[in-house]
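Student: The following block contains a protein sequence and its predicted model.
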Amino acid sequence: MHASLRLDIVVSVYNEEAALPAFHAEVSRAVATLASRGVVARILYVNDGSIDRSGEILDRFADRGGVEVIHLSRNFGHEAAMLAGLDHATADHVAFLDADLQHPPAEIPRAFTLASEGWDVVLMQRQESEDESGLRRLLNRVFYRTLDHLARFPVEANVSDFFLIGPPVVEVLQREFRERTRFLRGFVQWVGFRRIVIPYVAAARVAGTSKYHGPRLLALARDASLSFSSAPLRTGFAAALVMFAISMVVAAYSVVGWMVGKPPSGYTTLVLFMTVASAVQFGLMAIQGEYIAQIVDEAKGRPVYLVARRVASRGEAAERRQAA
Ligand code: UDP
Ligand code: MG
């Protein structure tokens, strides 16, 4: 069989016991569709330290074939889990999607067809749905607009962790992207190559609850800006200019007042000036702190994730060797 007709489907799983049976059934249907077109697809589940029964459920899927499960030693987070999946992928095409059926597995065969026609990055773009809360939609738009503005490359909106990448991109992401502050959905847009965006309609989460709440979304936004832009660091210059202008006005006012013998009573001005100035300074220090923390993290160079054990379907290794 031709080497390019292989696909690894990476799915990161954290406490998804309720969603997994339905998800696995659907993704297996997609695998069967692919098989009917001569594509050998394998499902690579990454168990990101689930504390529910997800681990056992995944091992049972592995008994049935076509599946490999990578159990991480603890919860390392979605980005780390996706990297673990990518590192263990052996096919030259790799698809990523979430385990909660918000990313319909039925779209994978269509994405693969595009990849086999020569598209290196197939991005799945979520169509905005009416039942999403207005606030979430607004935050979403602000997030992508800001990112697009800060990044030095075009960023497609509403493209999250649902995409399929072809041979050159798989290789680049496996070999060259070893940084620790990870933002895979940004990396796939950064690399360039031939990319295509296809729309899909997101379903509601089948079961369980979203693990991305306010603080996690904020952390994601922070990591996105840290890993794609130095613009926040440069705000110091703008702040300095503004503070300088203000101090000039205050100084001129005080000096003139003093010369005409009516020095302004300084208390209010002083308090205002000092509090505003120190708030600006602390803010800038915080921004610098974020970048320094990132440098420290990179310098330590600790692993992004640790694998506790791997469970592969019987015959999986032999099948793969044949397929290659
Ligand atoms: N996930 C993970 N590790 C985590 C949190 C989430 O692997 O620490 C997985 C989760 O099981 C799901 C995907 O990442 O498959 C996306 O998570 P979720 O659905 O909670 O995020 P949302 O869709 O709300 O952005
Ligand atoms: Mg989800």
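Tutor: Sure thing, it's come through. Ligands and ions are numbered 1, 2, ... in the order given.
Student: for the helix or strand hosting Met243, packing partners?
Tutor: Per DSSP states H and E: Met243 is located in helix 231-259. Packing contacts for helix 231-259, counted by 3 or more C-beta pairs under 8 Å, 6 or more residues apart in numbering; DSSP states H and E, involve helix 267-300. The C-beta positions use only the backbone N, C-alpha and C, and glycine is treated the same way.
Student: Quick check: buried residues in whichever helix or strand comes after the helix it packs on?
Tutor: Next helix or strand after helix 267-300 toward the C-terminus (DSSP H and E): strand 307-312. With burial defined by 16 or more other C-beta atoms under 10 Å, the residues of strand 307-312 counted as buried are 311-312.
Student: what's near enough to touch the spatially most central residue of the chain?
Tutor: Closest to where the C-alpha atoms of the chain average out (C-alpha atoms, centre = their mean) is Phe183, at 4.1 Å. Phe183 makes contact with 79, 220, 223-224, 227-228, according to C-beta atoms under 8 Å, 6 or more residues apart in numbering.
Student: Any of those buried? List them.
Tutor: 79, 220, 223-224, 227-228.
Student: filter the contacts of Phe183 by proximity to ligand 2?
Tutor: Applying C-beta under 5 Å from the ion, the subset of the contacts of Phe183 adjacent to ligand 2 is empty.
Student: State the phi and psi torsions of the residue of the chain most remote from its centre.
Tutor: Relative to the C-alpha centroid of the chain, counting by C-alpha atoms, centre = their mean, Gly261 is the outermost residue, at 62.5 Å. Main-chain torsions, Gly261, degrees, to the nearest 10: phi 80, psi 10.
Student: Look up how far ligand 1 lies from it.
Tutor: Using C-beta to the nearest ligand atom, to the nearest Å, Gly261 is found at 66 Å from ligand 1.
Student: where does Ala308 land on pLDDT?
Tutor: Looking at Ala308, its pLDDT is 93.
Student: Wait, a strand at Ile198?
Tutor: Yes - under DSSP: H, G, I helix; E, B strand; the rest coil, Ile198 falls within a strand.
Student: That one - nearest residue in space that isn't next to it in sequence?
Tutor: Leaving aside its sequence neighbours, Ile198 sits nearest to Met124 (C-beta to C-beta, 6 or more residues apart in numbering; 6.1 Å).
Student: does ligand 2 sit close to the helix or strand containing the one you found?
Tutor: Assigned by DSSP H and E, Met124 belongs to strand 121-127. No - if you take C-beta under 5 Å from the ion as the test, strand 121-127 misses ligand 2, and the best it gets is 10.8 Å.
Student: Which strands or helices does that strand pack on?
Tutor: Helices and strands touching strand 121-127, as assessed by 3+ C-beta pairs under 8 Å, 6+ apart, comprise helix 108-116, strand 159-165, helix 184-190, strand 195-201.
Student: what inclination does the last one have with respect to strand 121-127?
Tutor: Counting by axes from the mean of the first three to the mean of the last three C-alpha atoms, to 10 degrees, strand 195-201 points 30 degrees away from the direction of strand 121-127.
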